[in-house]
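Novice: Fold the following for me, if possible:
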Amino acid sequence: MTAVIKNGFVYDTETGSFSKKDIGISEGIIVSVGTDIPDSGEIIDADGKYIIPGLVDVHTHGRSGEDFNTAGPDGCLRMRREYARAGTTTVMATLASASLESFRASAEAIGRNRDASPGLCTIAGIHLEGRYLNPKKRGAHAPVLLRLPDADELDSLLDEMAPLPTHVSAAFELEGGEKFLLRALSRGATCGLAHTDATYEESRRFADLGVTSLTHTFNAMRAIHHREPGCAVASLLDDRIYTELICDGHHVHPAMVRLASEVKDPGRMVLITDSLEAAGSPDGEYNIAGMPVIVKDGIALTSDGALAGSTLSLYEGLLNYMEFTGMSMEQALPCATINPARMVGIGGECGSLAEGKRADFIILESITGRPELGTVFCSGSPVSDK
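Specialist: The predicted structure is shown next:
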């Protein structure tokens, strides 16, 4: 598809502002952004509307009744449609704790859905958030599925997941954790500290070694204490570390979200959903990480009362973040677009409206208050609402 999006107010990630520009698209890629673009192909008039980058969710397990751990190729395709309809145009397919055989089957199914396609969310890579977690902070992960970090085992998994980019989240304070971390980094993976009892000092050491993110900050980790700040404070104060937040109002109190936003470098704040298969679905019984989950009033809990992912869409999370912090759309947008893309090393292909990147964007009628989700485009084509 060749098209020109004309007369819209286009978000510029570098300046954090909107200005009236046209966008030229060819074969699903942005080929030009400016004011003097030749009219060729389809003309889409966005006069008076606002054009923002498609959203990038680097920590999501599934939605619409499907889970990346269990979905086959058809299930992955269905999720790609449903993520796109919700405004998320790029995901890192996140795998919770499971057996090695399950991980390998998931990698095969995800790999068969890895190519960018018009009107569909792109699966940009795999986020391995499971198995190598601290049992003390396991959250909703079944204890029987947890293992100590094993560098050689990781090698075999990364072989299965190649050539997809991989983000590995683990509790690196466990026995074998540092060797595991260094092996992951040597294989080109990005790494996050997750489900961890790491101290403040340990967390800083892991950042020295190459950890670049803290998984769902404040959740499934050592609590903040004035004599032992823990990994959450290490993340907020260390600008080498991206700080993930789930902004559903349940996982983290809005006041803590606001506090984090005022402390953290805005270029290192990342909004995620940590959504499970119940996202976009009615209340009921679901599963995640080998555990049964009950969803009531949109809140997912295990039988022992632990929060089990969210039913959030990233667009809803972005609007919540604006509400909790008092930020404008212009200020908040990077946290759901370019920041997560850079966190996992895919910022060259998505996360902003720039030449050479996928033509993933959303056209909004307004950017104030809680604007309704507008028309979503993936790889240059509008997403069907059917």
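Novice: so who does the spatially closest residue to Asp150 that is not a sequence neighbour touch?
Specialist: By the measure of Cβ to Cβ, 6 or more residues apart in numbering, the closest residue to Asp150 outside its immediate chain neighbours is Gly176, 6.4 Å from it. All C-beta atoms are positioned from the backbone trio N, CA, C, and that covers glycine. Going by Cβ atoms under 8 Å, 6 or more residues apart in numbering, Gly176 touches Leu148, Pro149, Asp150, Ala151.
Novice: Nearest to Ala170 among the residues you listed?
Specialist: For those, the minimum distance to Ala170 (Cβ to Cβ) is 5.7 Å, reached by Pro149.
Novice: Spit out the contact partners of the closest one.
Specialist: Residues near Pro149 by Cβ under 8 Å, 6+ apart: Tyr132, Ala170, Ala171, Phe172, Leu174, Glu175, Gly176, Gly177, Lys179, Phe180, Leu181.
Novice: Quick one: end-to-end length of stretch 239-253, please.
Specialist: 23 Å (Cα to Cα, to the nearest Å).
Novice: Can you spell out the domain ranges of this protein, please?
Specialist: Domain ranges of the chain: 2-51+356-382, 54-343, per automatic domain parsing.
Novice: Glu349 is nearest to which of the ones you listed?
Specialist: domain 2-51+356-382 (5.9 Å).
Novice: how long is the closest one end to end?
Specialist: End residues of domain 2-51+356-382 are separated by 13 Å (Cα to Cα).
Novice: Kindly report the same for stretch 330-340.
Specialist: One end of stretch 330-340 to the other measures 16 Å (Cα to Cα).
Novice: about what we covered before: switch the contacts of Gly176 over to a markdown table; also include secondary structure and pLDDT.
Specialist: Output for those, formatted as a markdown table (DSSP: H, G, I helix; E, B strand; the rest coil; pLDDT from 0 to 100):
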| residue | secondary structure | pLDDT |
| --- | --- | --- |
| Leu148 | coil | 98 |
| Pro149 | coil | 98 |
| Asp150 | coil | 98 |
| Ala151 | helix | 98 |
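Novice: Of the residues you listed, just the buried ones, PyMOL syntax please.
Specialist: Selection of the buried residues among the contacts of Gly176 in PyMOL, burial being defined by 16 or more other Cβ atoms under 10 Å:
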select buried, resi 149+150+151
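Novice: What is the most widely separated pair among the contacts of Gly176?
Specialist: Comparing every pair within these by Cβ to Cβ identifies Leu148 and Ala151 as the most remote, at 10.6 Å.
Novice: all helices in this structure, in order from the N-terminus.
Specialist: For the chain, the helices defined by DSSP state H occupy 73-85, 100-111, 151-161, 177-186, 200-209, 230-237, 254-263, 314-325, 329-332, 338-343.
Novice: Pro53 is nearest to which of the ones you listed?
Specialist: Ranking the helices of the chain by their distance to Pro53 (criterion: Cβ to Cβ) puts helix 338-343 first, at 7.2 Å.
Novice: how distant is that closest one from the center of its chain?
Specialist: 9 Å (Cα atoms, centre = their mean, to the nearest Å).
Novice: Show residues contacting it.
Specialist: So helix 338-343 is contacted by 13, 53, 56-58, 90, 167, 190, 212-213, 242, 267-272, 347, 349-352 (Cβ under 8 Å, 6+ apart).
Novice: Strands of the stretch 1-150 of the chain, start to end?
Specialist: Taking DSSP state E, counting those that start in this stretch as the test, the strands found in the stretch 1-150 of the chain are 2-12, 17-26, 29-34, 42-45, 50-53, 55-60, 62-63, 66-67, 88-95, 122-129.
Novice: The longest one packs against which elements?
Specialist: Packed against strand 2-12, as judged by 3 or more Cβ pairs under 8 Å, 6 or more residues apart in numbering; DSSP states H and E, are the following elements: strand 17-26, strand 42-45, strand 50-53, strand 361-364.
Novice: Out of those, which is the most enclosed?
Specialist: Compared across the helices and strands packed on strand 2-12, strand 50-53 shows the largest average neighbour count, a mean of 24 (mean count of other Cβ atoms under 10 Å).
Novice: May I have the phi/psi pair for the spatially closest residue to Ala359 that is not a sequence neighbour?
Specialist: If the residues on either side of it in the chain are set aside, Ala359 comes closest to Gly380, at 3.8 Å by Cβ to Cβ, 6+ apart. The phi/psi pair for Gly380 (degrees, to the nearest 10) reads phi 80, psi 0.
Novice: Tell me who's in contact with Gly380.
Specialist: Neighbours of Gly380 in contact, by Cβ under 8 Å, 6+ apart: Met1, Ala3, Ile25, Ser26, Glu27, Gly28, Ile29, Pro118, Arg358, Ala359.
Novice: ok, which pair from those is furthest apart?
Specialist: Longest distance between any two of the contacts of Gly380 is 13.8 Å, between Ala3 and Arg358; criterion Cβ to Cβ.
Novice: Between those two, point out the one with more neighbours.
Specialist: Arg358 (23 against 19; other Cβ atoms under 10 Å).
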